[in-house]
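**Q** Next input, structure requested:
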Amino acid sequence: MLVVEALEAAYGPSQVLFGVDLAVGAGEVVTLLGRNGMGKTTTIRAIMGILRPRAGRILFEGVPIHGLPSYRIAQLGLGLVPEGRQVFPNLTVRENLIATAANRRRHPAPWTLERVFALFPQLAARRDALGAHLSGGEQQMLAIGRALMTNPRLLILDEATEGLAPLVRAEIWRCLERLKREGQAILLVDKNVRALTRLADTHYILEKGRIVWSGTSAELAAREDLHHRYLGV
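**A** As a prediction, this is how the structure comes out:
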């Protein structure tokens, strides 16, 4: 579904990515791991067209998307849950969700307000609250629901549970497990390796803008040395 080949990206003269390769298949959950500052968010920004790649290719369902504006990439079926949530603070929960609603691929069972509220009952109870008045956990649920309302073929989450309380983190993981069971392809950045190995099919580790390891959850769980070398604080 998504293929990234030899991706290079920079902010002005400062190069951040050096030949990143990764792939996400239909229905797969894939993670991008690494310490802070290793290039995970930059990779996602390049995939989504927020940052123009310096070199390399990005294909989505066989279509080159590197160089396309971000709105066109979103229209092709990539949905982003950005780091920091970035909900519309002056819109209500309901308005935030309606603002992104689209079913461009005419899915027979699209995401709707009712489906999002069933996935996150807390949002249903807060449907008339402004985005600025939500807790961090509620904002993250809203950011996920907002992305789902675009009916994406691939859902991308940057720091899915960062800064959330343990109970809220558990709710987000349950949501992602449900989405996986329903066949949703997901590219996921998070630091909770234990939760990620229960959920994901494939993992990529970034170190200083390069993929230094990739493998399955079973392979990652068996490699304690990787945790200490690339993922530990």
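
**Q** Same question for residue 7, what's its three-state structure.
**A** Here residue 7 is strand, with the state taken from DSSP: H, G, I helix; E, B strand; the rest coil.

**Q** can you pull the pLDDT of it?
**A** pLDDT recorded at residue 7 is 98.

**Q** How about the contacts made by it?
**A** By C-beta atoms under 8 Å, 6 or more residues apart in numbering, the residues touching residue 7 are 17, 19, 20, 21, 43, 46, 53, 55, 56, 57, 58, 66. All C-beta spots, glycine's among them, are computed from the backbone N, C-alpha and C.

**Q** which SS state does the fourth one fall under?
**A** Three states are possible here, and by three-state DSSP the one that applies to residue 21 is strand.

**Q** Any idea how many residues pack against it?
**A** 15 (other C-beta atoms under 10 Å).

**Q** Residues in contact with stretch 224-233: which ones?
**A** For stretch 224-233, contacts defined as C-beta under 8 Å, 6+ apart pick out 33, 34, 35, 191, 193, 205, 207, 212, 213, 220.

**Q** Where does residue 140 fall, secondary structure wise?
**A** helix 136-148 (DSSP states H and E).

**Q** Pull out the CA atoms of that helix and give them to me as CSV.
**A** Taking Å, rounded to 0.1, in the frame of the first residue of the first chain, the C-alpha atoms of helix 136-148 are listed here in CSV:
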residue,chain,number,x,y,z
GLY,A,136,-5.6,15.8,26.6
GLY,A,137,-7.0,12.3,26.3
GLU,A,138,-10.3,13.5,24.9
GLN,A,139,-8.4,15.7,22.4
GLN,A,140,-6.4,12.6,21.2
MET,A,141,-9.6,10.6,20.8
LEU,A,142,-11.0,13.5,18.8
ALA,A,143,-7.9,13.7,16.6
ILE,A,144,-8.2,10.0,15.9
GLY,A,145,-11.9,10.3,15.2
ARG,A,146,-11.3,13.3,12.9
ALA,A,147,-8.8,11.3,10.8
LEU,A,148,-11.2,8.4,10.6
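
**Q** what lines up beside the following helix or strand past it in the sheet?
**A** Going down the chain from helix 136-148, the next helix or strand is strand 154-158, by DSSP H and E. Note on strand 154-158: by DSSP bridges, its sheet partners are strand 78-81 (parallel), strand 185-189 (parallel).

**Q** Switch the ones you listed over to JSON lines; also include mean pLDDT and mean neighbour count.
**A** Formatted as JSON lines, the strands paired with strand 154-158 follow (pLDDT from 0 to 100; neighbours: other C-beta atoms under 10 Å):
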{"stretch": "strand 78-81", "mean pLDDT": "97", "mean neighbour count": "25"}
{"stretch": "strand 185-189", "mean pLDDT": "97", "mean neighbour count": "24"}
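
**Q** picking that back up, where helices are concerned, which of the contacts of residue 7 count?
**A** 43, 46 (DSSP state H).

**Q** from the contacts of residue 7, which would you call buried?
**A** 17, 20, 43, 46, 53, 56, 58, 66 (16 or more other C-beta atoms under 10 Å).

**Q** ok, those residues vs residue 117, which is closest?
**A** Distance ranking of the buried ones among the contacts of residue 7 against residue 117, using C-beta to C-beta, places residue 43 first at 32.0 Å.

**Q** Next, the contact list for that closest one, please.
**A** Residue 43 makes contact with 4, 7, 9, 17, 20, 22, 32, 206, according to C-beta under 8 Å, 6+ apart.

**Q** again, only this time at 6 Å
**A** residue 20 (C-beta atoms under 6 Å, 6 or more residues apart in numbering).

**Q** List buried members of the contacts of stretch 224-233 by neighbour count.
**A** Counted by 16+ other C-beta under 10 Å, those give 33, 34, 191, 193, 205, 207, 213, 220 as buried.
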